[in-house]
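Novice: Sequence and computational prediction follow.
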Amino acid sequence: MPKKITYYNEIAQDMIKADKDRNNANLAYDAMDHNQWQRPSTLENILWIRDDIDTGPSTDIAAGLRVLSALQENITIQPLASNQATKEKVNEWERSLAWVMAQANRRRQGTVRQSVVKSAIKYDEVCAQVIDLDYQIAQKDIFEGSTNREKAARRHYGRFVVVTYHPNDVHVRYSNLMPEAVLLCQKRKAQEVLDEWGKLVYRKGNLRDWARQNLDVYYFDYTDYEDHAIWCSLDKEGEASLVEVSNDNHKLPWLPWVCRVGGDTMEYEAIHRRRPMLYGDYTSGKWENSNIIRTINMSDVIRKMVSPRFIEEGQQGTEFRSTTIDYGPDAVNPVIHVTPTDKLTPIPPPPIDAAALQIQDRLAAERAQGTLSSILKGGELPAGTSFAALNLGTLIATGALKPPKEVSELAIADIYSHFVYWAHHTKNSIKGYAKGGEQYSIEWDEIDPENFYVECELKPDVALDRQQRANVAMMLVQAGLMSKEKALEYMGENDPTAILKQVHFEQLVDNRINLIIQREQMQLQMEAQQMTMQQQQQMADEQAYQQQAMAAQQGQMAGAPGGEMFNPAQGGLPAQMGAPGATREGVTGEDVMGNEAMMGMGGL
């Protein structure tokens, strides 16, 4: 049974006090990222002082954010069976979740991935909330709350909302098992709270009066594994009158928050348990020292630029001196008119303090060692740098982002898990679509929250890393040590199954085209062979015809009949029987000695 609001307010105050040092550190990280620095009071009233802020921390955060969040995350759902049907079903789930996240990103100024990565880099902590608009609309309808905003958001941008918070607004009580309770404490307009909760809080007199006065209130939202309490107060300590907004048992089998923190839990002091990228700059004071020395150096140069360049000496008093500088019409060759009897001596410009510049450079170098390499920030490479050295340097530089990368991957995986938890709890399936119009779904009754495992991988946007992964994957596939599907996952592809299907489809299309080409080539070859055979047959027929004609002519000349009737090979009679009077010389054309017989010259 829910307890009184004062009970939850006492818990909230303890959680806020426990995070006081963390909040101060986070504010310092924000100042570094936003290049906001307040010079020491000893330099405040010096007119010639001009601030020169070290932009290194801001550049480091921007470079890390670009490297880790430029490419879409790769999600993998572990199948509970190794059969092909289960793998295909899991692939459909992955596509559905990718669609849901794409819709959630459409409602934001930046993607969820960018917000999570930046929070992990800057604070070493990620705090987010996954909201199911269908569930929220149904809950608000119970107490007649205003749901116009939620329905509009549901209609235009999909079912789920992912809200990422500044860690200073979220206070988490951790145990050795998991996050036990989450408190959201934000400063909001009283009217905004009225608009959000409708008639449920409109009758609360204090909140309505605060809204009429356009006052800001502190909005407290406390959630643990049983209770969910919301209240407002004029001060963060809750010492002013408390206005209860909602207080009930949320009846959810999980904590509807995503809270991930890195660092080292072995530290006694909470301030040292989180180790973001700028932790060294904050605890050592190097950024503060760098700003002071840079400001003094630049201001000293500016001051010396306007220092005197001449000294005038003579008998005349100051009130009688008339030295002037005539710059002329073009101010190219100015002329100095010195007071008579006076002497004008030039003063060399004062030198810049070399030791101060060395200290400035040393501080910058020490800062760079604790953050990101210049390779990831687009720095110039030395001439003649080999490819192997560049590849090794890039991999080492990317390794500096491993801690925030791991925190971000765990947080994003939790966000995807919460999509599925909401679907199972509300018995409302998740729908997804592909670019080609194909529809996918995650049926709520097919989900087992007790055995649902999602992994997320952020792919660094480094060309050499992708090239190296591709080379390693190709070698492993050729050696038979890795499947093509696993190789695509290793290379960072989000949907290897879809890629393999497309590859197989293109192979089938290429094979079909090759078969058609081969068939047409064989047909052309057969036609060519038929034409050749016809030509050869025609030539053979013509040759045989010529031979028969010659034989017939010789038979007529010899007096022997010819034709098929007198062809023994065709079953006919010998030609001699058709010409009894023919002689041997007339038939053969030769005499007894083998000489050609002379026809028409007295011979037969």
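Specialist: On my side now, so go ahead. Predicted, not measured: the structure shown is a model, and the values here were computed from it.

Novice: just the CA coordinates of stretch 343-357, formatted as CSV?
Specialist: In CSV, the C-alpha atoms belonging to stretch 343-357 read as follows (Å, rounded to 0.1, in the frame of the first residue of the first chain):
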residue,chain,number,x,y,z
LYS,A,343,65.5,64.1,-28.7
LEU,A,344,63.2,61.2,-29.6
THR,A,345,64.8,57.8,-28.9
PRO,A,346,63.0,54.5,-30.1
ILE,A,347,62.3,51.8,-27.5
PRO,A,348,62.6,48.2,-28.7
PRO,A,349,59.3,46.2,-28.2
PRO,A,350,59.3,44.1,-25.0
PRO,A,351,59.8,40.4,-25.6
ILE,A,352,57.3,37.7,-24.9
ASP,A,353,57.9,35.6,-21.8
ALA,A,354,59.3,32.3,-23.3
ALA,A,355,59.0,30.5,-20.0
ALA,A,356,55.3,31.3,-19.7
LEU,A,357,54.7,29.9,-23.3
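
Novice: Let me see the mean pLDDT of that stretch.
Specialist: Computed over stretch 343-357, the mean pLDDT rounds to 84.

Novice: Only alpha carbons, please: show stretch 186-195 as CSV.
Specialist: Taking Å, rounded to 0.1, in the frame of the first residue of the first chain, the C-alpha atoms of stretch 186-195 are listed here in CSV:
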residue,chain,number,x,y,z
GLN,A,186,13.2,18.9,-12.2
LYS,A,187,12.3,22.5,-12.1
ARG,A,188,9.1,23.1,-14.1
LYS,A,189,6.3,25.6,-14.5
ALA,A,190,3.3,24.9,-12.3
GLN,A,191,1.0,25.4,-15.3
GLU,A,192,2.9,22.7,-17.2
VAL,A,193,2.2,20.3,-14.4
LEU,A,194,-1.5,21.2,-14.5
ASP,A,195,-1.7,20.7,-18.2
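
Novice: So what's the predicted local confidence for His418?
Specialist: pLDDT at His418 comes out at 95.

Novice: how about the closest residue in space to Leu184 that isn't next to it in sequence, what does it touch?
Specialist: Closest residue to Leu184 apart from its sequence neighbours, by C-beta to C-beta, 6 or more residues apart in numbering: Asp221 at 4.0 Å. Bear in mind the C-beta positions are built from the backbone N, C-alpha and C, glycine included. By C-beta atoms under 8 Å, 6 or more residues apart in numbering, the contact set of Asp221 is 183-185, 228-230.

Novice: what about Asp221, which SS state?
Specialist: Under DSSP: H, G, I helix; E, B strand; the rest coil, Asp221 falls in the strand class.

Novice: Helices along the stretch 201-350 of the chain, start to end?
Specialist: With DSSP state H, counting those that start in this stretch as the criterion, the stretch 201-350 of the chain has helices at 205-212, 279-284, 286-305.

Novice: What lies in contact with the first one?
Specialist: Think helix 205-212. So helix 205-212 is contacted by 189-191, 193-194, 201-202, 217, 232, 234, 241, 243, 245 (C-beta under 8 Å, 6+ apart).

Novice: Now do that helix, average pLDDT.
Specialist: 84.

Novice: Distance from the chain centre to it, please.
Specialist: 46 Å (C-alpha atoms, centre = their mean, to the nearest Å).

Novice: again with stretch 425-436
Specialist: Counting by C-alpha atoms, centre = their mean, stretch 425-436 is centred 23 Å from the centre of its parent chain.

Novice: what does stretch 192-212 give?
Specialist: With C-alpha atoms, centre = their mean, you get 42 Å for stretch 192-212.

Novice: Out of the contacts of helix 205-212, list just those in strands.
Specialist: Among the contacts of helix 205-212, the members found in strands (DSSP state E) are 189, 217, 232, 243, 245.

Novice: Could you count how many residues lie near Leu68?
Specialist: 26 (other C-beta atoms under 10 Å).

Novice: Secondary structure element for it, which one?
Specialist: Using DSSP states H and E, Leu68 falls within helix 56-69.

Novice: what's next to that helix, contact-wise?
Specialist: 29, 32-35, 111, 113-114, 117-118, 121-122, 277-278, 281, 287, 290, 364, 367-368, 371-372, 376-378, 398, 401, 404-405, 408, 458, 460-462.

Novice: what does stretch 17-24 give?
Specialist: Counting by C-beta under 8 Å, 6+ apart, 167-168, 171, 269-271, 274 sit against stretch 17-24.
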